[in-house]
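Peer 1: everything below, folded, please.
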Amino acid sequence: MDASFLTLLQHQPAHGILRQISSNLEPELTRVEDIGQLRGPLEPFARAQMKALRESVEGKKYSQVDWRRKRKAAQEQTSVAVGLYRLEQLVI
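Peer 2: Numbers count the residues shown, from 1 in each chain. Below is the predicted model:
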């Protein structure tokens, strides 16, 4: 459509169709602009999602760095304290 846009503008019967295309595209362009404002705040979540998808597709095996990271996260979870109380799990 880019190469023939000037020709379409000169062709009188195409004006109605071009106006209809423009009216159909206008709400979509507005929506894209509104969603674009959310890109900054949601970028970390999108990156984490893409990383999780990539790892699941690759079937990533755990390296030394991964098990160390998992161990550190487990230690942080066990040391979670809420106010004056400490969360503990009792397994019977």
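Peer 1: and Pro13, what are its phi and psi?
Peer 2: phi -60, psi -20 (degrees, to the nearest 10).
Peer 1: any idea of the mean pLDDT in stretch 4-11?
Peer 2: Per-residue pLDDT over stretch 4-11 has a mean of 83.
Peer 1: please state the offset of that stretch from the chain centre?
Peer 2: Relative to its parent chain, stretch 4-11 has a centroid offset of 38 Å by CA atoms, centre = their mean, to the nearest Å.
Peer 1: how about Ala3, secondary structure?
Peer 2: The assignment at Ala3 comes out as coil when based on DSSP: H, G, I helix; E, B strand; the rest coil.
Peer 1: could you report the neighbour count for it?
Peer 2: 6 (other CB atoms under 10 Å). C-betas here are computed from N, CA, C, even on glycine.
Peer 1: next SSE downstream of the longest helix seen in the chain?
Peer 2: If you go by DSSP state H, the chain has its longest helix at helix 14-36. The first helix or strand that comes after helix 14-36 along the chain, using DSSP states H and E, is helix 39-58.
Peer 1: chain center to that next one, what's the gap?
Peer 2: Centre-to-centre, helix 39-58 and its host chain are 7 Å apart (CA atoms, centre = their mean).
Peer 1: before we move on, the earlier item: now for the longest helix of the chain, which elements pack on it?
Peer 2: Applying 3 or more CB pairs under 8 Å, 6 or more residues apart in numbering; DSSP states H and E, one finds that helix 14-36 contacts helix 5-10.
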